[in-house]
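J.: coords please:
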Amino acid sequence: MAIEGNIISTEFSEIMQKSYIDYAMSVIIARALPDIRDGLKPVQRRTLYDMRELGLRSDRPYRKCARIVGDTMGKYHPHGDSSIYDALVVMAQDFKKGRILVDGHGNFGSIEGDGAAAMRYTEAKLEKFTEEAFLSDLDQNTVDFIPNFDETEREPEVLPVKVPNFLINGSEGIAVGMATSSPPHNIGEVIEAEKAYLKNPNITTEKLLEIIKGPDFPTGGIVVNKRDLKDIYETGVGKIRIRGKVVEESTKGGKTNLVVTEIPYTMVGSGIMKFMSDVAGLVESRKTSDITDISNQSSKEGIRIVIECRKNADLENIKNLLYTKTKLEDTFGVNMLAVSEGRPETMGLKAILSAHSGFLYEINTRKYTSLLNKELERKEIQEGLIRAADCIDLIIAIIRGSKKREQAVACLTDGVTDGIKFKSERDRKDAASLHFTLNQANAILDMRLVRLIGLEIEALNKEHEETLKAIERYEDLLKNPDSMRKVIMSDLDKFKKSYAVERKTQIEDAAAAVFVEKPEEEMDVYFVMDRFGYARTIDTQTYERNTEAVLTDNKYCIKVKNTGKILVFTEDGTMFSVKIKDLPLTKLRDKGVPIDNVSLYDSTKNRIVEVRSAAEVYSSKLLFVSKMAMMKFVDGAEFDVQKRSIAATKLSPGDELTLVCVPDERERQVLLQSKDGYFLRFSLEEIPEKKKGAVGVRGMKLSPEDSIEAVYLMNFADERTIERGGSQMPLTDIKTSHRDGKGTKA
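T.: Numbers count the residues shown, from 1 in each chain. The predicted model follows:
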């Protein structure tokens, strides 16, 4: 069956490209980025507008958040309830916003990372600030209204916000290929900066920064790179370094604690628990021994994280440790990206103020144009009523003589008297001379007779005078930019007077925090590791009191300095180094940590051949023996490197390391035992010293399937025996020969 219609042939890549661009722009414009004019993302704007439509004023009762979310989703934002509720919650959290926009009632989360309760439990209404600054002039034709997603409702394209909300509350969002991250600022400073820009549009960023000192985070803290702010606010991009505030607090016994009273803005949420965990980790890793305890005593009164310190501890050094090793000093990435004139744009401080100031002129022009038109309509009606009061008898005669309203309206507007009965020709003649406007005629016909009382007429004349004054004022505002600027600045002053607060974040230039790690007191400890690879250290007293138990329970037990290292050699010829300070100093029965956790060694890929003290290795000659009988001595100084892993020797394909050891002075001979039962005994002096990158020399001739099974170091009169074929075989039975022989079969 043939398919009717046109078949359009197109390149698949073009369709994909166009579709992806459309999707990206939808996310950028309609979801993730705020509009520079009102500083709101679409979900925030729609939620606030819906709350206004629901009548949730600041002086009225709270309403369930589930009702707000459902109404917003059904009318304006069909993208899921979680995104709407999340936006609503954030607008009510005073630890995230410079100025909250929603008055929340119930559990709206905490600065420590606790989430808000479900929307069916919480309630909300608008803040008074939001009513006055965001929603008050929506009925004055200040902004355009557009159809909602299904064209059953209308919503504002942008809210007529009277303060630079993009700066006051900041914004964070991730779009497609771009992200916005703008810090919050002090509302009083932002208003003063906008006034300064209105007075002088040529003002420099440097002058503006004398008013706006920098970001003002709701969590306080200290911005420590003041010198970088000029570049950040000129370009809209940069990094702000912010520290938590730490105070010293004396306690009983002569100790002084450090108390964190303000945290970096980036630590809001689960960052507090991470900070405490990091501090505990510094103590466990022995970065400091001056911290004895940490506790979170925060409450509704504010942040209070107490760090208990030892007596006479170096508090400044501990502070620097916290700044360098934890999130107590962090970076806030600034990227002041917003939608401006329908496209995303990264804007500096001056450009932001310029965009919002232009928006203020626009909404005020539209507002006062609307008010002027209303006053002109009122003036028209007032003039008609005043004229009507002077000829009220004639108007009554017209009304009494008319059969229907249309006849009376035609007579009052155009002097048409046809069909109207008059008692006298004079009335007809006077009626024919009337020329009221249509609005005036309808107002006259709707007028109540009580308006003819003398006091009412006097009030009408007074009202008319006020209307004329209002018209004169509105016309002056619309024609004179200076007058409009004064009104805008007056409105800004009112908001500053009502809502300005003291700055919370300090701005300064501070030196970079430098932690001076105190040299650890050197002492002897014992490195022990069991057959499962769990490693730790114990002090010498513990070892001496429990030597037998330690040696029984552990595969390796080596005396080392606590400032030294352990070297681990594996069958693939790799050497891994482990710092002793990275291992926990434990009690006798503690388990320790897997050696994998403190080194690059991976127990799933490698097998340990030998573990030695670095100090012993560096001062000795190491003997290497491989499975294919390749042998060499290597100067231990070659292994004194900073890398955590190196190739300790070179191996042929298929070969493995069998032995790494340091022969003592008595051990002058080596005996090689092969898997096929061959033994070869010769002097260690026949083994040459090579570099670690060399393969070495052959110690014993092996058949293709044979390999080295065991290596014994011995002296000339060694009485050692090994078990062979169910009986004991003295090693001295093997006669001394030379290297690279086939050996004797036992």
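J.: how many other residues sit next to the residue nearest to residue 34 when sequence neighbours are not counted?
T.: Using Cβ to Cβ, 6 or more residues apart in numbering and skipping the chain neighbours, the partner closest in space to residue 34 is residue 171 (4.6 Å). In short, each C-beta sits where N, CA and C put it, glycine included. Using other Cβ atoms under 10 Å, residue 171 has 22 neighbouring residues.
J.: Identify the residues contacting residue 171.
T.: Going by Cβ atoms under 8 Å, 6 or more residues apart in numbering, residue 171 touches 33, 34, 39, 41, 180, 181, 182, 338.
J.: and what of residue 675?
T.: 706, 707, 708, 709.
J.: Show me how far the helix or strand encompassing the last one is from its chain's centre.
T.: The secondary structure element spanning residue 709 is strand 708-714 (assigned by DSSP states H and E). Between the centre of strand 708-714 and the centre of its host chain there is 60 Å, according to Cα atoms, centre = their mean, to the nearest Å.
J.: now swap in stretch 64-75 and tell me
T.: With Cα atoms, centre = their mean as the basis, stretch 64-75 stands 27 Å off its chain's centre.
J.: Same question for stretch 479-486.
T.: Distance of stretch 479-486 from the chain centroid (Cα atoms, centre = their mean) equals 42 Å.
J.: Stretch 266-281 now?
T.: Centre-to-centre, stretch 266-281 and its host chain are 14 Å apart (Cα atoms, centre = their mean).
J.: Sketch out the strands for the stretch 401-550 of the chain, chain order is fine.
T.: Listed from the start of the chain, the stretch 401-550 of the chain has strands (DSSP state E, counting those that start in this stretch) covering 506-507, 524-529, 534-539.
J.: Would you mind giving those strands as TSV with mean neighbour count, distance to residue 619 and mean pLDDT added?
T.: Listed next are those as TSV, based on neighbours: other Cβ atoms under 10 Å; distance: least, Cβ to Cβ, whole Å; pLDDT from 0 to 100:
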stretch	mean neighbour count	distance to residue 619	mean pLDDT
strand 506-507	18	54	95
strand 524-529	21	17	93
strand 534-539	20	21	93
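J.: Between those strands, which one is closest to residue 453.
T.: strand 506-507 (66.1 Å; Cβ to Cβ).
J.: Give me the residues contacting that closest one.
T.: Outside strand 506-507, the residues within contact range by Cβ under 8 Å, 6+ apart are 213, 214, 220, 221, 222, 223, 226, 229, 245.
J.: one more time with 6 Å
T.: Here strand 506-507 makes contact (Cβ atoms under 6 Å, 6 or more residues apart in numbering) with 213, 214, 222, 223, 226.
J.: what sits against the third one?
T.: For residue 222, the contact set (Cβ under 6 Å, 6+ apart) comprises 243, 506.
J.: Swap in 7 Å and give it another go.
T.: If a contact means Cβ atoms under 7 Å, 6 or more residues apart in numbering, then residue 222 has 242, 243, 245, 505, 506, 508 as its contacts.
J.: and those residues, which are buried?
T.: Neighbour-count burial (16 or more other Cβ atoms under 10 Å) applied to the contacts of residue 222 gives 242, 243, 245, 505, 506.
J.: Just after the least confident helix or strand in the chain by mean pLDDT, pick out the following helix or strand.
T.: Lowest by mean pLDDT, DSSP states H and E among the helices and strands of the chain is helix 12-27, with a mean of 68. Going down the chain from helix 12-27, the next helix or strand is helix 42-53, by DSSP H and E.
J.: tell me which residues of that next one are tucked away?
T.: Neighbour-count burial for helix 42-53, counted by 16+ other Cβ under 10 Å, picks out 42, 43, 44, 45, 46, 47, 48, 49, 50, 51, 52, 53.
J.: Identify, from the residues you listed, the entry nearest to residue 669.
T.: Nearest to residue 669 out of the buried residues of helix 42-53 is residue 43 (Cβ to Cβ; 82.6 Å).
J.: Next one, pLDDT for that closest one please.
T.: At residue 43, the pLDDT value in this model is 94.
J.: tell me, what residue is most central in the chain?
T.: For the chain, the residue sitting closest to the mean C-alpha position, by Cα atoms, centre = their mean, is residue 266 at 5.8 Å.
J.: Distance from the chain centre to the helix or strand that contains residue 330, please.
T.: Residue 330 belongs to strand 329-335 when assigned by DSSP H and E. The chain centroid and the centroid of strand 329-335 are separated by 9 Å under Cα atoms, centre = their mean.
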